[in-house]
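*Asks:* Next comes the sequence, and after it the predicted model I'd like to discuss.
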Amino acid sequence: MADRFRTGLDWSDVRVFAALARHGSLSATARALAVNHATVARRFANLEQTLGTKLLERRPTGYKLTAAGRQALEVASAMEHSAAMLQQVQGAPALAGMVRMTATPSVAGYVIARLKPLQEMHPALDFEVTTERSRVSLPRHQSDIALRLGRPERGGILGRRVAKVEYGYYGSPEWRDRLLDGATPVLIGFDEAGAQFPEARWLAQRFRGVRIGFRSNYQTGQFAAACAGLGIAVLPHFLAATEPTLVRLALPQKPPDRELWLLTRGDVRRTPPASVVTDYLVDLFRRDRALFEGR
C-alpha cells in the first residue's frame with residue numbers, strides 16, 4: 001500500500017469500498033447503498049487512485065480482495081465503527097451503530113423474535129440479519145456475528161459453542177392419530193439442493209424407502225408444511241416445541257444433535273456494539289437451554 005495518500009481521502013469512497021468488498025458485486029453494492037452502479041464504480045476507482053494500489057480483483061464470480069485490499073478493509077471497518085462511536089458525543093445515546101448478523105433461517109427467526117429487549121436498552125443500535133444458506137464471510141467483513149450449526153473449520157475466527165440443538169419428530173394432531181391407527185408415515189424433508197445437510201443425510205439413511213411427500217430447502221419451509229398437515233418433519237425443538245398446531249411424535253431412533261456456534265472476528269469482538277450484542281446472545285441461548293434441548 002502506498003506510504004502516503006496522493007490526494008485527500010474521501011470517507012464516502014472508503015464506505016463504498018467496504019460495501020463492495022462485502023457484497024462482491026457492483027449491483028449488490030448499489031442496492032445496499034441506494035445508489036447507482038456508476039457511483040459505486042467511481043467511488044471505488046477514486047479510492048484505488050488515492051491509495052495508489054489495487055484493492056479488488058474482478059473475477060467471474062465477483063470481486064476478490066487483494067492482499068492490500070484485505071489490509072484496507074480492516075482499516076475501513078475500523079473507520080466505520082469509529083464513525084458510529086462519534087454518535088455518542090454530546091448527549092447522543094450511550095451505544096450506537098450497526099451490528100450485522102448471519103444465521104440459518106430458523107436460528108435467525110429465533111433471534112429476531114427476541115431482539116426487542118436489546119433494542120429497548122439501546123435504542124440507537126441498528127441490526128442487520130442475513131439468512132442466506134450460502135455462508136456470509138466474516139473475514140470479508142460481510143457480517144460481524146455468525147451463528148452456525150457445527151464447529152468452525154477455519155482459523156482466525158473467535159468461536160464459542162452457545163447451544164446444543166436437539167431435534168424431534170413433529171406433525172399435526174391428525175398425524176398423531178393416524179400413526180396410532182397404524183398408518184405409514186409420510187415425511188417432510190430437504191430438496192435436492194439440501195441433500196448434503198447432516199439432517200437430510202440422516203433422514204435418508206434412517207428412513208430408506210419411506211415416502212417424502214414434501215421437500216423444502218429450508219427448515220422454516222418444512223416447519224410450515226408440518227403445521228399444514230403435509231407430513232412428519234424432523235425439526236429442532238426451539239423451532240417446533242412452542243407451536244400450538246404441532247405435536248411431538250414418537251418415532252423410533254432419536255435424531256442426532258447439532259452444535260450451535262457463535263463466531264466473530266477479534267477486531268469486531270472488541271467494539272462496544274458487537275460486544276454488547278454478543279453478550280446478549282450468549283445469555284439468551286443460556287436462558288433458553290431447555291427449549292433447545294427439548295426439555
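*Replies:* Arrived safely, thanks for sending. Numbers count the residues shown, from 1 in each chain.

*Asks:* Tell me where the stretch 101-250 of the chain has strands.
*Replies:* Secondary structure of the stretch 101-250 of the chain (DSSP state E, counting those that start in this stretch): strands located at 125-130, 145-149, 158-165, 167-171, 187-190, 212-216, 232-236, 247-249.

*Asks:* how about the ones you listed, which one is nearest Gly52?
*Replies:* Nearest to Gly52, of all the strands of the stretch 101-250 of the chain, is strand 125-130, at 32.2 Å by CB to CB. C-betas here are computed from N, CA, C, even on glycine.

*Asks:* Report the rounded mean pLDDT for that closest one.
*Replies:* Averaged across strand 125-130, the pLDDT comes to 90.

*Asks:* Could you list the buried residues of it?
*Replies:* Residues of strand 125-130 classed as buried: Leu125, Val129 (neighbour count, 16 or more other CB atoms under 10 Å).

*Asks:* So in that sheet, which strands flank it, and in what orientation?
*Replies:* For strand 125-130, the pairing partners within the sheet under DSSP bridges are strand 97-103 (parallel).

*Asks:* Would you mark the buried spots in the partner strand?
*Replies:* Within strand 97-103, the residues that count as buried by 16+ other CB under 10 Å are Gly97, Val99, Arg100, Met101, Thr102, Ala103.

*Asks:* and if you look at stretch 106-122?
*Replies:* The neighbour-count check on stretch 106-122 (16+ other CB under 10 Å) flags Ser106, Val107, Ala108, Gly109, Tyr110, Val111, Leu115, Leu118, His122 as buried.

*Asks:* Can you tell me which of the strands of the stretch 101-250 of the chain is most buried?
*Replies:* Comparing the strands of the stretch 101-250 of the chain on average neighbours per residue, with mean count of other CB atoms under 10 Å, the densest one is strand 232-236 at a mean of 27.

*Asks:* Report the mean confidence score over that one.
*Replies:* With pLDDT averaged residue by residue, strand 232-236 scores 95.

*Asks:* Which elements pack onto that strand?
*Replies:* Packing contacts for strand 232-236, counted by 3 or more CB pairs under 8 Å, 6 or more residues apart in numbering; DSSP states H and E, involve strand 167-171, strand 187-190, helix 198-206, helix 219-227.

*Asks:* rerun at 6 Å
*Replies:* In terms of contacts (3 or more CB pairs under 6 Å, 6 or more residues apart in numbering; DSSP states H and E), strand 232-236 is packed against strand 167-171, helix 219-227.
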